[in-house]
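Trainee: sequence-free structure coming up:
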């Protein structure tokens, strides 16, 4: 049984088909990269998986449960975690408090109180290397530090599936390598499936993803192991903008 399964999912905005009959499966503990040029439907697909948008057609299953019409706050306790391309902290709250929110509304939400959530936050903050910023207001962090906090907040949810939306954009290449290693190790330790949405950071795709799903104009054009996907003529054409034979 796949952890996540999409069946012929279509999402429209008026006359624009942002996601066009996309089917895919992601297994527990799998590392997947979703790539495609701007406007290919990646963010919309993430929003459909996390419950921000409901599809006009098709169904979304998580652990064999139909979650197609469940909003985000009902999907989070099931184990679907999410980061955002632009971090959205509670700016006046501390880093620790921001991360604790993830624990309160994640898988352990019904079982943990505020103090226990803060303890979980402390553990995650240390693992991501933000302990020296623990008590700072989140709004004072640098953009990269905010991204780390965003990842920490998602991890505090104890997700089974972690959707990472451009989480490494803007990072120095050496920081990207370190983050890829950290996410892989943590995800394997915790049994988390990671779906990372990326546009141009190929070192993150190659370093992390076991398979790659490529979108173009809302449609899935490739779903294959990473090396095979990145060598596919259709993918080369989409990224380089000319026919493969050229």
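Mentor: Arrived safely. For clarity, every value in this text was computed on a predicted model and none was experimentally measured. Numbers count the residues shown, from 1 in each chain.

Trainee: Under the pLDDT cut-off, which ranges of this structure? List them.
Mentor: For the chain, applying pLDDT under 70 flags the ranges 198-202, 239-246.

Trainee: What are the boundaries of the strands in it?
Mentor: Along the chain, counting by DSSP state E, strands occupy 4-13, 16-26, 31-35, 57-62, 65-66, 80-82, 161-165, 193-197, 211-216, 219-225.

Trainee: Generate CSV for those, with distance to residue 106 as supplementary columns.
Mentor: In this view, the C-beta of every residue, glycine as well, is placed from N, C-alpha and C. CSV is the format used below for those (distance: least, C-beta to C-beta, whole Å):
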stretch, distance to residue 106
strand 4-13, 17
strand 16-26, 19
strand 31-35, 21
strand 57-62, 14
strand 65-66, 17
strand 80-82, 7
strand 161-165, 11
strand 193-197, 15
strand 211-216, 25
strand 219-225, 28
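
Trainee: can you list those in TSV and add mean neighbour count and distance to residue 110?
Mentor: Listed next are the strands of the chain as TSV, based on neighbours: other C-beta atoms under 10 Å; distance: least, C-beta to C-beta, whole Å:
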stretch	mean neighbour count	distance to residue 110
strand 4-13	18	22
strand 16-26	18	26
strand 31-35	25	29
strand 57-62	18	18
strand 65-66	12	17
strand 80-82	25	16
strand 161-165	24	19
strand 193-197	23	23
strand 211-216	22	33
strand 219-225	17	35
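
Trainee: quick one: which of these is nearest residue 47?
Mentor: strand 4-13 (8.0 Å; C-beta to C-beta).
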